[in-house]
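*Asks:* give me the fold of what follows.
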Amino acid sequence: MKTPLTSVRLKQHFTYSWWIYLLIIAIGIGLVDILYTVSAYRSPREKTIGFYVYGYMDDQKLTEYMDHVRETEMSDMEELLPRLILVDNAYGPMQLSTYFAAGEGDLYLLPREEFISYAFEGVLLPLENDPELISLFDSAGVNLQNGWRRTTETGETHLYGIPQDKLPGLMKYAYAQDGYLCLVATGRNQENAAKFMRILCRDMIIVPADAEPSPAAEK
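*Replies:* Here you go, the predicted model:
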């Protein structure tokens, strides 16, 4: 014989078993979130360019600039994304090496110490064979000598980075300590990343009239 369902029994049930319903709701929300995350659209790697800054950046200004470049000059790309790597002696270098190993990011702004280290290891792409990029600086009378480095493995000398001080306009958007702008050999979208680098250098060789240096750069 079934026990009749009464308001008293319902009250007792919810008094002692309310947590079961909260757990069910929480699990349901979690499953929906996981389903959305797994099924959400992600741009193909060849349609994405990542600009990773190991230092400081104005996220809003840099995002707006990169969105403008994508809309006006690189419309075949779906995303141009900036990402900040925090300057942290413990976590920062580990994060940076992990990104390189995983092939994340295409264009990097690195502090001098990290630039020299990775250039020696052959992790960075040589830039001197890009005539359009080199002509930008030749036409402006800019010397890139400090960007040349020798690799320990081959003993060859290449232009592995553009010194940040040769791109004064970049200070409005991003800054690394004695920084260098580089392309990484592990990047998975090198051709388009090189195009974006040329555009970025073209725009940043001259200081914009409204440029304001990063507060970190003034320290």
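*Asks:* which other residues reach stretch 145-162?
*Replies:* Residues outside stretch 145-162 that contact it (Cβ atoms under 8 Å, 6 or more residues apart in numbering) are 110, 115-116, 119-122, 124-128, 137, 144, 163, 180-182, 197, 201. C-beta here means a position set from N, CA and C on the backbone, and glycine is covered the same way.
*Asks:* one more time with 7 Å
*Replies:* Contacting residues not belonging to stretch 145-162 are listed as 115-116, 119-120, 122, 124, 126-128, 144, 163, 180-182, 201 [Cβ atoms under 7 Å, 6 or more residues apart in numbering].
*Asks:* now stretch 178-186
*Replies:* Taking Cβ under 7 Å, 6+ apart as the rule, stretch 178-186 contacts 55, 100, 103, 105-112, 115, 123-125, 127, 147, 160-164, 167, 190, 193-194, 197.
*Asks:* doesn't residue 137 make contact with residue 127?
*Replies:* No: counting by Cβ atoms under 7 Å, residue 127 does not reach residue 137; the two are 10.2 Å apart.
*Asks:* with neighbour numbers in mind, choose between these two.
*Replies:* residue 127 (22 against 18; other Cβ atoms under 10 Å).
*Asks:* now the more buried one: which helix or strand?
*Replies:* Under the criterion DSSP states H and E, no helix or strand holds residue 127.
*Asks:* helix, strand or coil for the residue lying closest to residue 73 once chain neighbours are set aside?
*Replies:* With sequence-adjacent residues excluded and distances taken as Cβ to Cβ, 6 or more residues apart in numbering, residue 73 is closest to residue 199, at 5.9 Å. Three-state call for residue 199 (DSSP: H, G, I helix; E, B strand; the rest coil): helix.
*Asks:* what ranges do the strands span in this protein?
*Replies:* Along the chain, the stretches classed as strands by DSSP state E are 48-54, 56-57, 79-85, 107-110, 148-150, 157-159, 162-163, 174-175, 180-183.
*Asks:* any chance of the ones you listed in a markdown table, plus mean neighbour count, mean pLDDT and distance to residue 132?
*Replies:* Output for these, formatted as a markdown table (neighbours: other Cβ atoms under 10 Å; pLDDT from 0 to 100; distance: least, Cβ to Cβ, whole Å):
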| stretch | mean neighbour count | mean pLDDT | distance to residue 132 |
| --- | --- | --- | --- |
| strand 48-54 | 24 | 95 | 17 |
| strand 56-57 | 22 | 94 | 26 |
| strand 79-85 | 19 | 93 | 19 |
| strand 107-110 | 27 | 96 | 16 |
| strand 148-150 | 16 | 92 | 19 |
| strand 157-159 | 18 | 94 | 14 |
| strand 162-163 | 23 | 97 | 13 |
| strand 174-175 | 26 | 95 | 22 |
| strand 180-183 | 25 | 96 | 14 |
